[in-house]
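In: Let me see the structure of the following:
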Amino acid sequence: MIGYILRRLLIAIPVLFGVSVINFIIMRMAPGNPVDMLVSPKLPDAAREAKMIELGLNDPAYIQYWHWLKNLVLNGDLGYSMITYEPVTELIASRMGPTVILMGTALVLGLMIAIPIGIYSATKQYSKLDYTFVTGSFLGISIPNFFLALLLVYIFSIQLNWLPSGGMKELGSEGSLGSLLWHMILPVTVLVANVAGRNIRYVRSAMLEIMGQDFLRTARAKGVKEFFVVNKHALRNALIPIVTIVGLEVSILFGGAVVIEQIFSWPGIGQLTLSSIMSRDYSTIMGLNLVAAFVVIAANILTDIVYAFVDPRIRKSYVGGGKR
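Out: Numbers count the residues shown, from 1 in each chain. The predicted model follows:
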């Protein structure tokens, strides 16, 4: 297993390199640069050129990329923000916590809703509740996150004044756990609706595929109670596709956080990404994309490890199937 993980990490190196190259090319193709966002249009050309030299933007693109890559490989340094002049590593680290809190809570709550509902829908196929749950899951997938977010803000923050419309804490306060939970209600609700809606269908489909298998009929014939047939034998065999979908949810949530964090003024990675794009902060954008790619790769590796615990056949292939 350890050898497999090390091989996956080695494979990740060229993937991360490719991501950084593609990201760098796309940034250079986009119009504008950080200097255009920093200086006044009335600034003399000489002063503007001096600022370009200071930021290293007058060098050829391949030279700029080489300097960035060399600092990353030799020093583990992602550079400095061209807008705030803060170290990109510290800037991303300060925003990672809020995003992990938001995404982690939404993922856990979404799966806590989706898995039991998906199992129930599979066991009660074509019942009224099954139709209700499937319809609700389609609604959760179909309604765009930004629309649902704006709708909830309008109803619960503007009209009813029950919940805060943004931020992690009240202005001027240090914040507390209660305040954090209070501010999380709306953004988490939006993300949970999407996560639960998407995974109810997957869990239901995975369970329906297993429910007709011969080994379950044999278990019933032996007198095993239906609760154990469904929640022990059937669910365990349906976990492989479910685990796959959960692994993909990390990257989906990471991308969706950009919209939700911006709407709810949540000080996380998503909000930093959008502000960096708007200000053409090349160094921060490069760092953010590298971190996002690493998160996706780490999620895939973690998914493979969970496979080994869920399915003994996969675990044996890691140990004795030529994958040592």
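In: Run through the protein and note the low-pLDDT ranges.
Out: Counting by pLDDT under 70, the chain contains low-confidence residues at 1-5, 32, 36-41, 43, 172-173, 175, 256, 310-324.
In: show me where it has helices.
Out: Taking DSSP state H as the test, the helices found in the chain are 2-29, 34-38, 45-55, 61-75, 88-123, 128-142, 145-152, 177-211, 214-221, 226-228, 235-263, 269-278, 282-310, 312-320.
In: Can you add distance to Asn161 and give those helices back as TSV?
Out: C-betas here are computed from N, CA, C, even on glycine. Listed next are those as TSV, based on distance: least, CB to CB, whole Å:
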stretch	distance to Asn161
helix 2-29	42
helix 34-38	36
helix 45-55	45
helix 61-75	47
helix 88-123	23
helix 128-142	26
helix 145-152	13
helix 177-211	13
helix 214-221	52
helix 226-228	45
helix 235-263	18
helix 269-278	24
helix 282-310	35
helix 312-320	52
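In: Now those helices in CSV, please, with extra columns for mean neighbour count and distance to Ser81.
Out: Compiled in CSV, the helices of the chain are given as follows (neighbours: other CB atoms under 10 Å; distance: least, CB to CB, whole Å):
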stretch, mean neighbour count, distance to Ser81
helix 2-29, 13, 14
helix 34-38, 16, 9
helix 45-55, 13, 11
helix 61-75, 13, 13
helix 88-123, 19, 6
helix 128-142, 15, 36
helix 145-152, 16, 27
helix 177-211, 20, 25
helix 214-221, 12, 57
helix 226-228, 10, 56
helix 235-263, 19, 18
helix 269-278, 20, 8
helix 282-310, 19, 5
helix 312-320, 13, 42
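In: Show me the one of the ones you listed that comes nearest Ile158.
Out: Comparing the helices of the chain against Ile158 with CB to CB, the closest turns out to be helix 145-152 (10.1 Å).
In: Tell me which other helices or strands that closest one touches.
Out: Where contact means 3 or more CB pairs under 8 Å, 6 or more residues apart in numbering; DSSP states H and E, helix 145-152 is packed against helix 177-211, helix 235-263.
In: Now distance to Leu272 too, for these, in JSON lines please.
Out: Output for these, formatted as JSON lines (distance: least, CB to CB, whole Å):
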{"stretch": "helix 177-211", "distance to Leu272": "16"}
{"stretch": "helix 235-263", "distance to Leu272": "8"}
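In: Which among those is found nearest to Val35?
Out: Across the helices and strands packed on helix 145-152 (criterion: CB to CB), the nearest stretch is helix 235-263, sitting at 24.7 Å.
In: How far off centre is the closest one?
Out: Distance of helix 235-263 from the chain centroid (CA atoms, centre = their mean, to the nearest Å) equals 7 Å.
In: could we number from 395 for the rest of this?
Out: Done: numbering now begins at 395, and the last item shifts to helix 629-657.
In: Tell me what angle it forms with helix 482-517.
Out: Helix 629-657 runs at 130 degrees relative to helix 482-517, counting by axes from the mean of the first three to the mean of the last three CA atoms, to 10 degrees.
In: can you pull the contacts of the residue most central in space within the chain?
Out: When the chain is reduced to its mean C-alpha position, the closest residue under CA atoms, centre = their mean turns out to be Phe648, at 2.2 Å. Residues in contact with Phe648, defined by CB atoms under 8 Å, 6 or more residues apart in numbering, are Thr493, Met497, Ile663, Ala686, Val689, Val690.
In: which residues touch the first one?
Out: With contacts defined as CB under 8 Å, 6+ apart, Thr493 is in contact with Phe648, Ala651, Glu655, Trp660, Gly662, Ile663, Gly664.
In: measure it to Leu647 for me?
Out: 9 Å (CB to CB, to the nearest Å).
In: Output stretch 692-702 as PDB, nothing but the C-alphas.
Out: The C-alpha trace of stretch 692-702 is given here as PDB (Å, rounded to 0.1, in the frame of the first residue of the first chain):
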ATOM      1  CA  ALA A 692      -4.800  13.900  -2.800                       C
ATOM      2  CA  ALA A 693      -8.500  13.200  -2.800                       C
ATOM      3  CA  ASN A 694      -8.000  10.600  -5.600                       C
ATOM      4  CA  ILE A 695      -5.200   8.900  -3.600                       C
ATOM      5  CA  LEU A 696      -7.300   8.900  -0.500                       C
ATOM      6  CA  THR A 697     -10.200   7.400  -2.400                       C
ATOM      7  CA  ASP A 698      -8.000   4.600  -3.600                       C
ATOM      8  CA  ILE A 699      -6.900   3.900   0.000                       C
ATOM      9  CA  VAL A 700     -10.600   3.800   1.200                       C
ATOM     10  CA  TYR A 701     -11.200   1.300  -1.700                       C
ATOM     11  CA  ALA A 702      -8.700  -1.000   0.000                       C
END
